[in-house]
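>>> Fold the stuff below for me.
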Amino acid sequence: NGSVIARVIRNGVLKTRIRNTPLVIYNMHLTPNLDVEYTDDNRFTKFATSQLEQVAQMVLEDLSWKREVILTGDFNVPPESTPYNAFVRASGVTEVFEDDIQPTYHRTYLPRDKKAYKIDHIFITGSSSVLTYRNATYILNEPVMRNGREIYLSDHRGIMADIDIRLQNSASGYPSDMVR
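Here you go, the predicted structure:
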């Protein structure tokens, strides 16, 4: 994305492959929608669509190599948007918070006429026997006192989930709990 916004606000994808395992973890911060409007004709929708198409291709490549994938971060698209739904369909991922659409961006940081959305996500791939999640929760919900005034530690609410990863033990061939 060669936009002025992309050059000023650094965004991208960090892909980490866990050595000696078929596990890949992505963390991302995609182009923000400064209009805070997630319609198909919004000027930022094309950036979100393009970036998520590229991420979906990366995920599909990992899956073709029999790797399991965890994706986290600030996707800057809500579940009700077209780019989000196209990404989920194209990549086959499951969102840890799929039934929960609480906003992850603090309302305090938005203009009064704008609605807060859930734009941060955790996705997993694979069969339920490999990656499973539980205890998905929000953090950084409350302001803290700093220099005599209340502030949030971030403009976003944090999202956190316990993800159980069950991988094959390469020596024995039997499943073993590796990470919890």
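>>> Tell me where this structure has strands.
12-18, 23-29, 68-74, 94-95, 120-124, 131-139, 144-146, 149-151, 158-168, 175-179 (DSSP state E).
>>> Include mean pLDDT when you put these into CSV, please.
Shown next, in CSV, are the strands of the chain (pLDDT from 0 to 100):
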stretch, mean pLDDT
strand 12-18, 92
strand 23-29, 94
strand 68-74, 95
strand 94-95, 92
strand 120-124, 95
strand 131-139, 85
strand 144-146, 93
strand 149-151, 91
strand 158-168, 86
strand 175-179, 45
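>>> Now mean neighbour count and distance to Tyr105 too, for these, in a markdown table please.
Placement of C-beta: from N, CA and C, glycine included. Converted to a markdown table, these look like this (neighbours: other Cβ atoms under 10 Å; distance: least, Cβ to Cβ, whole Å):
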| stretch | mean neighbour count | distance to Tyr105 |
| --- | --- | --- |
| strand 12-18 | 14 | 19 |
| strand 23-29 | 18 | 13 |
| strand 68-74 | 21 | 9 |
| strand 94-95 | 17 | 17 |
| strand 120-124 | 22 | 8 |
| strand 131-139 | 14 | 12 |
| strand 144-146 | 9 | 18 |
| strand 149-151 | 10 | 15 |
| strand 158-168 | 16 | 12 |
| strand 175-179 | 12 | 29 |
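>>> Could you dump the ones you listed into CSV and include distance to Gln54?
What follows is the strands of the chain, written out as CSV (distance: least, Cβ to Cβ, whole Å):
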stretch, distance to Gln54
strand 12-18, 8
strand 23-29, 10
strand 68-74, 13
strand 94-95, 19
strand 120-124, 15
strand 131-139, 22
strand 144-146, 37
strand 149-151, 35
strand 158-168, 22
strand 175-179, 27
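>>> Of all those, which one comes closest to Tyr109?
Proximity to Tyr109 (Cβ to Cβ) singles out strand 149-151 among these, at 10.6 Å.
>>> residues in contact with the closest one?
Pro143, Val144 (Cβ atoms under 8 Å, 6 or more residues apart in numbering).
>>> so where's the longest helix in this protein?
Secondary structure of the chain read by DSSP state H shows that its longest helix is helix 45-64.
>>> I'd like the mean pLDDT over it, please.
If you average the pLDDT over helix 45-64, you get 95.
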